[in-house]
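Peer 1: model this:
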Amino acid sequence: MRLAIDEVRSGQSATMIPQGEIGLKKRILLALLCLAVMCVLFVEGGEGARVKAAVPTGASTVGQVPGDYDVVRTEYRIHAGMHVSFRRFIGKASTSSKWQVTVQSAQYPKEIEISWVWPRSDGTTPVPTLRKLTGLERGRTFGPLYGGNDPEQTDWTAPWLSREVLRELRTGKVAYNFKMGTFSVTGIFAGDLRVEGETLYPIELNGRQVYIPAYKCGRGQMVVWNNIENPLVLEYKPFGIPLVTGVFGWKAESISIGGGQL
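Peer 2: Sure thing, here's the model as predicted:
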């Protein structure tokens, strides 16, 4: 009887040893697998950091080091002689066409008079079109409609926002009852213009390549200079089909503010 019990115990031990070894091997393999995953994540994280550092810093968050260019936070005021050169966009496609806007006279924010022109493809410049903007103090309609039956005077603010709208974006990150002023459902009816992020925008300012602080807003439609004295819409990407709406987009490439020194 004792011999039988010993044989049974011996048999149990014989079967238990392989099971323990298998469990140990599983734990070792699991640990090695976890270590491998951590190594992969570490390598990818390092590569991601290096790639992120190499990305042009025009999309950097305000406060980050922007690279070799200076960050200009001086709030240059709109005044006569200010000139902006925009690259025109049709839909999402950049064109070779420029849009030149010059401030002819300014009593900002009460009113300013601008002239604008699209230089011809042969390099010649047609007679500029004049427009007086009277809504730069409190106007809440953007109205980026140029090239049609342009009004000689309007309370629409494009290519700027009004001081009141920018002030609301600064303090509460949202401007209520704002209209794009385009021929679309979202353009006709008032909505909310919300800040979606801050950025450093690359621009040639008075002959120097610099960065200026700006807000991204309008569901990706706008990048606005965070300058209460000059709330220029640096970039505008309209919704809709340009051939239907007649509205083109733009991206500011250079700003010249007469007499302004960096």
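Peer 1: Helices of the protein, start to end?
Peer 2: Shown for the chain, the helices assigned by DSSP state H span residues 2-54, 163-172, 185-188, 242-245.
Peer 1: lowest-confidence stretch among these?
Peer 2: Mean pLDDT values for these show the minimum at helix 2-54, a mean of 43.
Peer 1: Verify the contact between Val195 and Lys173 for me.
Peer 2: Yes: with contact defined as CB atoms under 8 Å, Val195 reaches Lys173; the gap is 4.2 Å. The C-beta positions use only the backbone N, C-alpha and C, and glycine is treated the same way.
Peer 1: neighbour count winner among the two?
Peer 2: Comparing Val195 with Lys173 by neighbour count (other CB atoms under 10 Å), the higher total belongs to Val195, at 19 against 14.
Peer 1: what residues are up against the more buried one?
Peer 2: 169, 173-174, 215-217 (CB atoms under 8 Å, 6 or more residues apart in numbering).
Peer 1: Tell me how many other residues surround Pro213.
Peer 2: Number of residues near Pro213 (other CB under 10 Å) recorded here: 17.
Peer 1: And Glu168, by the same measure?
Peer 2: 20.
Peer 1: Next up, the contacts around it.
Peer 2: By CB under 8 Å, 6+ apart, Glu168 lies in contact with 174-176.
Peer 1: isn't Ser254 right up against Phe86?
Peer 2: No: counting by CB under 8 Å, Phe86 is not a contact partner of Ser254; they are 9.0 Å apart.
Peer 1: Look at these two and report which has more neighbours.
Peer 2: In this view Ser254 and Phe86 are compared by other CB under 10 Å, and Phe86 has more residues nearby, 26 against 16.
Peer 1: what's the distance between that one and Thr171?
Peer 2: To Thr171, Phe86 is 28 Å away according to CB to CB, to the nearest Å.
Peer 1: for Trp118, same thing?
Peer 2: The value you get for Trp118 to Thr171, if CB to CB is used, is 37 Å.
Peer 1: more neighbours, these two?
Peer 2: Between Trp118 and Thr171, counted using other CB under 10 Å, Trp118 has the larger neighbour count: 18 against 9.
Peer 1: so who does that one touch?
Peer 2: So, once contact is read as CB under 8 Å, 6+ apart, Trp118 ends up touching 88, 97-100, 126, 147.
Peer 1: repeat for Val224
Peer 2: Val224 sits in contact with 161, 166, 169, 214-215, 217, 231-234, where contact means CB under 8 Å, 6+ apart.
Peer 1: Skipping adjacent residues, who's closest to it in space?
Peer 2: Among residues not flanking Val224 along the chain, Tyr215 sits closest, at 4.9 Å (CB to CB, 6 or more residues apart in numbering).
Peer 1: Let me know the pLDDT of that neighbour.
Peer 2: So Tyr215 comes in at 98 (pLDDT).
Peer 1: Met180 too?
Peer 2: pLDDT, Met180: 89.
Peer 1: How many residues are close by it?
Peer 2: 26.
Peer 1: my guess is it meets Pro144, correct?
Peer 2: Yes: the pair formed by Met180 and Pro144 meets the contact definition of CB under 8 Å, at 7.4 Å.
Peer 1: what's the overlap in contacts for these two?
Peer 2: Overlap of the contact sets of Met180 and Pro144 (by CB under 8 Å, 6+ apart) consists of Pro238.
Peer 1: any idea how far Ser85 is from Pro109?
Peer 2: 23 Å.
Peer 1: I should have written Tyr146 there, sorry.
Peer 2: Where Ser85 is concerned, Tyr146 sits at a distance of 15 Å (CB to CB).
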